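K.L.:
Provided below are the primary sequence and the corresponding predicted coordinates.
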Amino acid sequence: MPSVAVTRTDSTPPIDMALPCMEAAMGRNIRAGRLRRDLSVADLSRVTQLATSRIEEYEAGGARIPAAHLVSIIDALDMRLSEVFGL
């Protein structure tokens with residue numbers, strides 16, 4: 001079967017290219033929420049039961065955040081989901 005090339009006609013990047021930007025923004029917003037509440041990564045780790053290295057990775061935008069982890073983090077930081085997404 002011959003391969004078909006797809007040409008985009010708009011300037012919207014493919015979703016897989018946009019995800020790293022979204023993850024980085026989410027990480028910055030989570031870190032900002034943590035710092036506003038004067039919590040260390042270790043404090044957030046204790047409350048959420050997530051490893052400190054995992055929280056650091058999320059805050060750096062280096063990993064996708066599973067929904068269950070995101071819920072745990074925003075609950076611990078008393079944030080709204082819209083704040084994490086920067087809305």
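P.N.:
Happy to help now that I have it.

K.L.:
Only C-alpha atoms from now on, for both contacts and neighbour counts.
P.N.:
Fine.

K.L.:
How about exporting the helix or strand harbouring S82 as CSV, limited to the C-alpha atoms?
P.N.:
Assigned by DSSP states H and E, S82 belongs to helix 81-84. Taking C-alpha atoms only, helix 81-84 is exported to CSV below (Å, rounded to 0.1, in the frame of the first residue of the first chain):
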residue,chain,number,x,y,z
LEU,A,81,-7.7,22.7,37.5
SER,A,82,-8.1,25.9,35.4
GLU,A,83,-5.1,27.4,37.4
VAL,A,84,-2.9,24.4,36.5
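
K.L.:
List the buried residues for it?
P.N.:
Within helix 81-84, the residues scored as buried using 16 or more other Cα atoms under 10 Å are V84.

K.L.:
quick one: average pLDDT of that helix?
P.N.:
Regarding helix 81-84, the rounded mean pLDDT is 94.

K.L.:
For the helix or strand harbouring R54, what does the pLDDT average out to?
P.N.:
Here R54 is covered by helix 52-59, with elements defined by DSSP H and E. Summarised as a single mean, pLDDT over helix 52-59 is 97.
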